[in-house]
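Q: Using only what follows, build the 3D model:
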Amino acid sequence: MGRLALGLAVAGAILLAACTPVTPPKRPSSGPGSTASYISSGATELSEGSGTSGTRVWWYVPKTLKGGSSAPVVVLLHGFMLLAPDIYRPMIDHYTRQGIIVIYPQFNKGGFDVLSDTDQNAMLAKAIAGTNLALSRLGTKADTSKLYLFGHSLGGLLASVWQGAGGPTPKGIVLANPSTDASVGMPDFVKGLVNITPIPYTSLVGATTAPTVVLTGDADTIAPSSQSVDLWNRIPSAAARSVFQARSDDHGKPALTADHMSPIQDSGIIPGWLMGTFGGDAEDDAMDWRFYESALDQMLAGTSVPTFDMGTWSDGVAVKAPVRLK
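A: Next up is the predicted model:
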């Protein structure tokens, strides 16, 4: 090859590399957050209760149960006004495909009553009642000795006081961007519409004894990382406890943003522009697979303090790793 041809080839290769978009990592095929443990091709969705009154509960029974005739249970506690299971459906599917039963209790009222439904104590009672109802319907299929809580935002607050409020005993708890102060980051137009009656969490959270992992993000303006650290300080009786902060990374596109809505995968009926005012867009991405789901996968496997592999961008650059705050 002549010098001119070689130069053109090198220049072309450089130009091609410059024009090739850098993309984020895919879901891993092995390890936590991966597809490696999938054993069930689907699940049966069942539900009872009233969506309007905020008492509906869904439960998802895999076609193949992890334990054969029974399975561990994940109780997924949603964020404020994030009523529909479809908002977290990819995550629900991730666990049912592993043969794990998922219970999803609704605790906010639906329809036009949602903005007047502001008593967090009533929400906690409905979440526990819905979970107990689902467990009673599941019977021996649910291995209640292996019950785990995953709570996002307000759901994280509920999960943190679950034991203190008399909920079914969890074997492990993952708190995803837990929100202990609903007024922080709340849009002004919402503040004028709602008057929150808060859970007295400081008097309840100390009863938590289950291993607890608290997850937060560096771009969370709704439940800043200081709230997660405060929760950690208040659960000294937990068998194990840790706080990890995900870090946003815009090395490629789409960027991986560690905002308040990182744990959700779909915005449901809420328009994307409006969801942004509540803390971020909804994506099913590496933040879900390699951080939030990874932590719960490890908890289910018996690892109380997780480690994280965030993978690499398509050009081989490592995604920014989470940092342990506590």
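Q: Figure out the length between the terminal residues of stretch 174-183.
A: From the first residue to the last, stretch 174-183 extends over 23 Å; the measure is CA to CA, to the nearest Å.
Q: Going forward, the N-terminal residue is numbered 12.
A: Got it, the first residue is 12 from now on, which makes the last one we talked about stretch 185-194.
Q: Looking at that stretch now, give me its mean pLDDT.
A: Here stretch 185-194 scores 94 as its mean pLDDT.
Q: Then stretch 158-169?
A: For stretch 158-169, the mean pLDDT works out to 98.
Q: surely residue 153 meets residue 80?
A: No. Between residue 153 and residue 80 there is no contact under CB atoms under 8 Å: 11.0 Å. C-beta: built from backbone N, CA, C; applies to glycine.
Q: who's more crowded, these two?
A: residue 153 (23 against 8; other CB atoms under 10 Å).
Q: Please identify the buried residues of the helix ranked longest in the chain?
A: Among the segments of the chain that qualify as a helix by DSSP state H, the longest is helix 131-149. Neighbour counts using 16 or more other CB atoms under 10 Å place 131, 133-142, 144-146, 148-149 of helix 131-149 among the buried residues.
Q: buried stuff in stretch 326-337?
A: Using 16+ other CB under 10 Å as the test for burial, stretch 326-337 gives 330-333.
Q: Looking at those residues, spot the one nearest residue 226.
A: residue 333 (8.1 Å; CB to CB).
Q: how far away is residue 149 from residue 58?
A: Separation of residue 149 from residue 58 (CB to CB, to the nearest Å): 13 Å.
Q: For those two, list the residues in contact with both.
A: residue 70 (CB atoms under 8 Å, 6 or more residues apart in numbering).
Q: Show me where the protein dips below the pLDDT cut-off.
A: 12-30, 125, 196-203, 280-290 (pLDDT under 70).
Q: got the angle for the lengthiest strand in it vs helix 131-149?
A: In the chain, with assignment by DSSP state E, the single longest strand is strand 153-163. For strand 153-163 against helix 131-149, the angle by axes from the mean of the first three to the mean of the last three CA atoms, to 10 degrees is 150 degrees.
Q: Now do the helices in the stretch 212-337 of the chain.
A: Here the stretch 212-337 of the chain has its helices, by DSSP state H, counting those that start in this stretch, at 212-215, 236-244, 283-288, 297-298, 304-311.
Q: One more: the stretch 12-161 of the chain?
A: Applying DSSP H, counting those that start in this stretch to the stretch 12-161 of the chain gives helices spanning 14-30, 100-107, 131-149.
Q: Correct me if wrong: residue 208 contacts residue 128.
A: No. The criterion here is CB under 8 Å, and residue 208 misses it with residue 128 at 10.3 Å.
Q: Give me the more crowded residue out of the two.
A: More neighbours surround residue 128 than the other of residue 208 and residue 128, with 20 against 11 (other CB under 10 Å).
Q: Leaving out sequence neighbours, find the closest residue to that one.
A: residue 120 (4.0 Å; CB to CB, 6 or more residues apart in numbering).
Q: Can you verify my assumption that the one you found contacts residue 91?
A: No. In this structure residue 120 lies outside contact range of residue 91 using CB under 8 Å: 11.6 Å.
Q: Now do residue 227 against residue 145, distance only.
A: Residue 227 sits 29 Å away from residue 145, going by CB to CB.
Q: check contacts around residue 179.
A: 86, 139, 142-143, 146, 155, 158.
Q: mind running it again at 6 Å?
A: residue 158 (CB atoms under 6 Å, 6 or more residues apart in numbering).
Q: what about it, distance to residue 222?
A: 16 Å.
Q: related to what we said a few turns ago, is it possible to get JSON lines of the helices of the stretch 212-337 of the chain that adds mean neighbour count?
A: JSON lines is the format used below for the helices of the stretch 212-337 of the chain (neighbours: other CB atoms under 10 Å):
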{"stretch": "helix 212-215", "mean neighbour count": "16"}
{"stretch": "helix 236-244", "mean neighbour count": "20"}
{"stretch": "helix 283-288", "mean neighbour count": "13"}
{"stretch": "helix 297-298", "mean neighbour count": "25"}
{"stretch": "helix 304-311", "mean neighbour count": "24"}
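Q: Nearest to residue 107, out of those?
A: Per CB to CB, nearest to residue 107 of the helices of the stretch 212-337 of the chain: helix 304-311, 12.8 Å.
Q: Mind listing residues that contact the closest one?
A: 43-44, 105, 161, 183, 185, 224, 226, 317, 319.
Q: what's the angle between it and strand 153-163?
A: Using the same axes, to 10 degrees: helix 304-311 against strand 153-163 is 150 degrees.
Q: Fine by me, thanks again.
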